[in-house]
Structure formats: structure tokens, C-alpha cells
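K.L.:
Curious how this folds, go ahead:
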Amino acid sequence: MKNEKILDVLDHYERFLTDNDVETLKASKLDFSQSRQSTLGHCLDLILRIRQLLTIDRDEALIRFGFLQGVFWIMGIKTIYQLQVDNGQFD
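P.N.:
Residues are numbered from 1 along each chain as shown. Take a look at the predicted model:
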């Protein structure tokens, strides 16, 4: 995936989260997430960090992007097929 496509997908995910009243939250490095909302808040924070990392360390950005999509899948927000569509796999 090219950076432009990743940024488009991140924009889509950010809109989804903010439209659902999710607020940015830095996750604790020592404790587990306490709620669905706090997990999604971490996802929103992660989106901001992925954008920054794309120009600094693309490999790290892609690892976090994959993690973000994995969270969306495990939380029942996106199916594997929907994630593939987001990534442009069928374009």
C-alpha cells in the first residue's frame, strides 16, 4: 500500500471514531484496557501516531496500522473482507 492510501484509510477510521464520540486516549503501558471506549480511544491516538511515523519509520507505521486493523476486527467493528476492501485489495 502506498502512503496516500494508508492516509485515506486512516481518515476513514478517524471519522468513524470521532462520529461515535470516541476521544483520544493514550493507553497505559502497564495495565489492560478497562473498556471498549478506552480501547477505541487508544485506536484514535494510534491513528495520529501512524500518520507521524509514515514519514519517519514506515515499517513501524505499517506494524501499527496492522495492529489497528486487528483491533477493529477483534472488536467486531470490521470484518476481514471489509478490511481488505479498505486496503484496496479488490481495486
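K.L.:
Could you pull up the residues touching the spatially most central residue of the chain?
P.N.:
Residue closest to the average C-alpha location in the chain (CA atoms, centre = their mean): residue 68, at 3.6 Å. Neighbouring residues of residue 68 by CB atoms under 8 Å, 6 or more residues apart in numbering: 13, 43, 46, 47, 50. C-betas here are computed from N, CA, C, even on glycine.
K.L.:
Could you check which helix or strand contains the fourth one?
P.N.:
It stands for residue 47. helix 36-56 (DSSP states H and E).
K.L.:
and what of the first one?
P.N.:
When elements are defined using DSSP H and E, residue 13 is found to belong to helix 3-19.
K.L.:
helices or strands next to that helix in the packing?
P.N.:
Judged by 3 or more CB pairs under 8 Å, 6 or more residues apart in numbering; DSSP states H and E, helix 3-19 is in contact with helix 36-56, helix 58-74.
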